[in-house]
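Trainee: Here is the input, now give the coordinates:
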Amino acid sequence: MTQSLAFDHPDAPDAEISATIARIRLSGVPDDRAMLRAAAELTRDLHTPSKAMYWTDCFLSAAIGYAGMATAMFAASPWVAVIGGIVAVLALYRAELFIHEITHLKHSLLPGFRTAWNMFVGVPLLLPSFMYEGIHTIHHARTRYGTDQDPEYLPLALMKPWTLPLFLLVSVLMPIGLLLRFAVLAPLSLFSPKLRRLVVARYSGLQINPKFERRAPEGEFRRQWFWQELGASLFAMTLIGITVAGILPLRAFLVYIAIVACSAVINQVRTLVAHLWENEGEPLTVTAQYLDSVNVPEPGILPYLWAPVGLRYHALHHLLPAVPYHALGTAHRRLVAALSTDSVYHQANYPTLSGLVVKLAQGTLRQR
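Mentor: Below you'll find the predicted structure:
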């Protein structure tokens, strides 16, 4: 649908007009050269990851999270167990989100970090990094963002209202799906090439686009995939086995499932507000991609909990994907100070999560 069609049909439904306007606003936006140049020039010194920050932040979060999980599993007091569970969800969620940094890192600058993360976070939480590496970089590809080739994009704001509850329900069921994927499908796929192709294409990526099919890994990544998948499969089978055998109490198993599910739900809500989800499939300029993305900057405190590890600056991350998470706040402050108030840069900054969720829900309600 084009702009002329919208004006030729003034009686068109509001939802159709709204979708058309959103589509034109994004697909017709040229690149803001001044903003892109400022973003590059003002952040040249911010591209080196801090080894101390990465190792300390990630693995201290993981240690706190596992301590909270153990408390929730075995504490006699229900209140103590609930507090332990809350701590576990937030701390492990933060540790999990380093999977996003792993996809962008030059691993020579942080040797051993990916391996350690998979051993202590990815495998025990059934989220080995191969589930995101090779997926997320496509989302950042200049010609694929927001298209049907983007594994991490759906035009959610232009879809039916029931899609949002379904989107959240999927995350609630995620730990069960991961257990089945690693404890059942992965071993069975060793004996069936057809099943293996299905597992790789459909069940080996953290993606939201149901049309996306993943290619089989190649080269060094194939070796990494093998060891990560083997570790996750052994962990999943062991977890199920010791629960069935009564070695791990059923309560402890259910607490593990609940903590993983709660972390997944928080991440799914964060995903809902990471973009405006208003593109209908056209390739977009970098500036248009930025405008379809979201920053929730200071002074808010809650974004540190629901969008940790730099993800409160998601729009800025799409401008500067190589800048490590701990430097995004500095980059944002520099750009805010350097760019005039009428700059496109300020248009992707939003005050709260709740406002973004309401905006998205209102968009879906217009599609009824």
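Trainee: Can you read off the pLDDT for E280?
Mentor: According to the predicted model, the pLDDT of E280 comes to 83.
Trainee: count of residues packed around it?
Mentor: Neighbour count for E280, taken as other C-beta atoms under 10 Å: 16. Placement of C-beta: from N, CA and C, glycine included.
Trainee: quick one: V294 from Q149, how far?
Mentor: Taking C-beta to C-beta, to the nearest Å as the measure, V294 and Q149 are separated by 22 Å.
Trainee: try L311
Mentor: L311 is 23 Å from Q149, where distance means C-beta to C-beta.
Trainee: Likewise for D342?
Mentor: Applying C-beta to C-beta, the value for D342 to Q149 is 34 Å.
Trainee: what about the two, which has more around it?
Mentor: Neighbours of D342 and Q149, each counted by other C-beta under 10 Å, are more numerous for Q149; the result is 17 against 8.
Trainee: which residues touch that one?
Mentor: Shown in contact with Q149 (C-beta atoms under 8 Å, 6 or more residues apart in numbering): 138, 212.
Trainee: how about it, phi and psi?
Mentor: Listed backbone geometry of Q149 is phi -90, psi 0, with angles given as degrees, to the nearest 10.
Trainee: secondary structure class for the closest residue to A183 other than its chain neighbours?
Mentor: Ranked by C-beta to C-beta, 6 or more residues apart in numbering and with sequence neighbours excluded, the top spatial neighbour of A183 is A236, at 3.8 Å. Remark: A236 carries the secondary structure label helix [criterion: DSSP: H, G, I helix; E, B strand; the rest coil].
Trainee: Can you get me a residue count around A236?
Mentor: The burial metric for A236, expressed as a neighbour count using other C-beta under 10 Å, is 21.
Trainee: Next, the contact list for it, please.
Mentor: Going by C-beta under 8 Å, 6+ apart, the list of residues near A236 reads 126, 178-179, 182-183.
Trainee: separation between it and E229?
Mentor: 10 Å.
Trainee: residues shared between the contacts of these two?
Mentor: Residues touching both A236 and E229 (C-beta under 8 Å, 6+ apart): F182.
Trainee: Surely T43 is in contact with L320?
Mentor: Yes. Between T43 and L320 a contact is recorded at 5.9 Å, counting by C-beta atoms under 8 Å.
Trainee: Now for the two: what residues contact both?
Mentor: Common neighbours of T43 and L320, counting by C-beta under 8 Å, 6+ apart, are A331.
Trainee: so how many other residues sit close to the closest residue to Y203 other than its chain neighbours?
Mentor: In this structure, Y203 finds its nearest non-sequential neighbour in R181, 5.1 Å apart by C-beta to C-beta, 6+ apart. Neighbours of R181 under the rule other C-beta under 10 Å: 21.
Trainee: Against L169, how distant is R181?
Mentor: Noted for R181: a distance of 18 Å to L169, by C-beta to C-beta.
Trainee: and the most centrally placed residue in the chain, what element?
Mentor: The C-alpha lying nearest the average C-alpha coordinate of the chain belongs to T271 (C-alpha atoms, centre = their mean; 5.9 Å). T271 belongs to helix 250-272 when elements are defined using DSSP states H and E.
Trainee: name the helices or strands packed onto whichever helix or strand comes after that helix?
Mentor: Under the assignment DSSP H and E, the closest C-terminal helix or strand after helix 250-272 is helix 286-291. In terms of contact count using 3 or more C-beta pairs under 8 Å, 6 or more residues apart in numbering; DSSP states H and E, helix 286-291 is assigned the packing partners helix 14-27, helix 33-41, helix 314-319.
Trainee: What pLDDT is listed against the residue nearest to the centre of the chain?
Mentor: In this model, T271 carries a pLDDT of 93.
Trainee: and the residue lying closest to it once chain neighbours are set aside, how many residues sit next to it?
Mentor: Take T271 and drop its neighbours on the chain: the residue closest to it by C-beta to C-beta, 6+ apart is I208, 7.2 Å away. Residues lying near I208 (other C-beta under 10 Å) number 16.
Trainee: can you check P217 too?
Mentor: For P217, the count of nearby residues is 18 (other C-beta under 10 Å).
Trainee: That one against F130, yeah?
Mentor: Yes. P217 is in contact with F130 according to C-beta under 8 Å; the separation is 7.2 Å.
Trainee: what is in contact with these two at once?
Mentor: Overlap of the contact sets of P217 and F130 (by C-beta under 8 Å, 6+ apart) consists of 224-225.
Trainee: residue contacts, the residue lying closest to S293 once chain neighbours are set aside?
Mentor: Taking C-beta to C-beta, 6+ apart, and ignoring the residues beside it in sequence, S293 has A315 as its nearest neighbour in space, at 3.7 Å. When contacts are counted by C-beta under 8 Å, 6+ apart, A315 is found next to 290-291, 293-295, 348-349.
Trainee: Where neighbours are concerned, which of those residues has the most?
Mentor: Counting by other C-beta under 10 Å, top hit in these: Y290 with 27 neighbours.
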